[in-house]
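Participant: got a predicted structure plus its sequence, pasted below:
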Amino acid sequence: MLRDITLGQYYQADSVIHRLDPRVKLATTIVFIISLFVFDGIAGYVVAAAFLAMVIKLSKVPFKFMIRGMKAILFLLLITVVFNLFLTPGEALVSFGVFKITKEGVKTAVLMAVRLTFLIIGSSVMTLTTTPNQLTDGLEKMLGPLKKLHVPVHEIAMMMSIALRFIPILMEETDKIMKAQMARCADFESGNILKRAKNMVPLLVPLFISAFRRADDLAMAMEARCYRGGEFRTKMKPLHYEKRDFVAYGIVVCYLVIGVMAGKLMVILL
Amino acid sequence: MPIIVDHVSHIYGEDTPLAVHALKDINLVIPDGQFIGLIGHTGSGKSTLVQHLNGLMKATSGAIYFNGEDIDDKDFDKRKLRSKVGLVFQYPEHQLFETDVFSDVCFGPKNLGLSEKEVQLRAYEALKLVGLKDEYFYQSPFDLSGGEKRRVAIAGVLAMKPDFLILDEPTAGLDPKGRDEILDQIAKLKEETGITVILVSHSMDDVAKYVDRIIVMNKGSVMYDDVPREVFRHYEELEQVGLAAPQVTYIMKSLQDKGLDVSDDVTTIEEAKEEIKSYFTKLAKAKRGNW
């Protein structure tokens, strides 16, 4: 169950996408997400789908892994679709008493479903092909200029990388404690919501205790090695752009132009 | 009610590049009343194996039978299995969550749906079995020492009155005194209740003294499955897979190399003592004969 969450999990493979500079991947993901909300009309989404398919193909990550990330948000997706379907005012197609499905409702529901799906798969591609360390390195470098405004960029990046680093550890810990309690016949699966929440106590208490203990240990270990972030700290693997990174930026710009153009073209043609 | 492990294999992360073959075609019969040592190097699959025995993990292929029933059958009651095959995890003190020791031990039997009175009786018995002093019963489990916390956690499983008790590295992280106390307590408990105990460990010295059967695991397969004496005879092979025979075996070996006529076929300090003593008696007798 817990292993189904792919967000924040790295998939080891040797591909062009894996080798790209994390800044490129971060920027591309942001551009891609914005593009999903800017494009209008089917044409734009066809372009987005094609772009996404190309990136997935290049990344050599099995498509199964992207889908696995979807399971976690399936519920959210369902709610969004249902709400949009029934609560959008407009020209009614079918109606059940107070509720009615409108033409506009169907359109927004489908649109939202596609957007959310693409959004999750798009960001999954990034996290699957980029190690958390690379990701935060990229973020730190991108946000570098903010240092002039006294934003503690390094500290934020460090906190992020620690948080990301701890996701798998805490997940493993959860799994272990869950099993230990299940060995004592604990029940995490049946009962109504209230009962289930109550049944989580034997899991959550040990988990919090262990999280605090780990945080404490880590802080101590960092201090023992004289860690102090920010100024004058050098990197083991400094980031620098290579030719393929510029090519990737070029492709992203092309994608954006084609996507917007396709949308406009559709409008003109119809 | 024996547990039968029939051609069980387990693969972690099947269909991914990180797939690990943790168990390879394991066949075992675990009868009632035995004291078994399950030995293996880190990553040999011993923890994975014991989690199969109470249905926490599902075999990728093969089957496990408890009391003649396949535990993966749809209508098999997993909860009942888990109460009968008690599993104490590594560092079990990390599972404690209640505000006092006694309530924490009550958690297991309470989940079995027993009456309040029965639950408390079992919790009390279990705490007595692990040798915890009465004055700790209503303290917070987090205020206890490492060894005491571990006793509480073991009691938490014992309170379900299992027929099989599996302890995964029960002495990990304890000091020598704590280690001996826990192991002695387990041996005593085995004596008093007559249940089957499986002691998972990577240290031969820990188990040699207590168990009457040793299963050695290596890279997901069973390497040896025999009485301790027979297993330790293969001490050279054991060394190759990162394990070792008990230290007394080595001492006897060195004595032999020095020309003393003693057997290296001993597994405990007690036996070694007898063996050396009888050697000296023989020697003294021979000398007297010469005069």
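Facilitator: In hand now; what should we look at? Numbering: from 1, shown residues only, chains lettered A, B, ... in the order given.

Participant: please report how far residue B:186 lies from residue B:219.
Facilitator: 28 Å (CB to CB, to the nearest Å). Where you see a C-beta, it was placed from the backbone N, CA and C, and this is true even at glycine.

Participant: and the residue of the stretch 1-150 of chain A closest to chain B?
Facilitator: residue A:12 (6.4 Å; CB to the nearest CB).

Participant: what residues does the stretch 1-150 of chain A have near chain B?
Facilitator: Residues of the stretch 1-150 of chain A found near chain B (CB under 8 Å from any CB of the partner chain) are A:12, A:13, A:64.

Participant: which bits of chain B sit near chain A?
Facilitator: B:15, B:17-18, B:51, B:54, B:56, B:79, B:82-83, B:86-89, B:92, B:94-97, B:107-108, B:111-112, B:142, B:156-157, B:160.

Participant: can you tell me the element the nearest residue to residue B:233 once chain neighbours are set aside falls in?
Facilitator: Nearest non-adjacent residue to residue B:233, counting by CB to CB, 6 or more residues apart in numbering or on different chains: residue B:265, 7.6 Å away. Using DSSP states H and E, residue B:265 sits in no helix or strand.

Participant: isn't residue B:265 right next to residue B:229, touching?
Facilitator: Yes: counting by CB atoms under 8 Å, residue B:265 does reach residue B:229; the two are 6.3 Å apart.

Participant: helices or strands next to whichever strand or helix holds residue B:222 in the packing?
Facilitator: Using DSSP H and E, the element containing residue B:222 is strand B:221-226. For strand B:221-226, the packing partners by 3 or more CB pairs under 8 Å, 6 or more residues apart in numbering or on different chains; DSSP states H and E come out as strand B:20-30, strand B:213-218.

Participant: relative to the whole chain's centre, how far out is that strand?
Facilitator: From the chain centre to the centre of strand B:221-226 is a distance of 15 Å (CA atoms, centre = their mean, to the nearest Å).

Participant: residues contacting residue A:263?
Facilitator: A:39, A:40, A:41, A:43, A:44 (CB atoms under 8 Å, 6 or more residues apart in numbering or on different chains).

Participant: who wins for proximity to residue A:116 among the helices and strands packed on strand B:221-226?
Facilitator: strand B:20-30 (34.0 Å; CB to CB).

Participant: contacts for the closest one next, please.
Facilitator: B:2-13, B:36, B:45, B:48-49, B:52-53, B:59, B:62, B:164, B:196, B:198, B:215, B:219-222, B:225.

Participant: would you mark the buried spots in it?
Facilitator: B:22, B:23, B:26, B:28, B:30 (16 or more other CB atoms under 10 Å in any protein chain shown).

Participant: against which helices or strands is the helix or strand just after that strand packed?
Facilitator: Towards the C-terminus, the helix or strand next in line after strand B:20-30, according to DSSP H and E, is strand B:35-40. Packing partners of strand B:35-40 (3+ CB pairs under 8 Å, 6+ apart): helix B:46-53, strand B:196-201, helix B:204-208, strand B:213-218.

Participant: quick one, strand B:35-40 and strand B:20-30 angle?
Facilitator: If you take axes from the mean of the first three to the mean of the last three CA atoms, to 10 degrees, strand B:35-40 sits at 160 degrees to strand B:20-30.

Participant: given strand B:35-40, what are its sheet partners and their directions?
Facilitator: strand B:196-201 (parallel), strand B:213-218 (parallel) (DSSP bridges).

Participant: okay then, goodbye and thanks.
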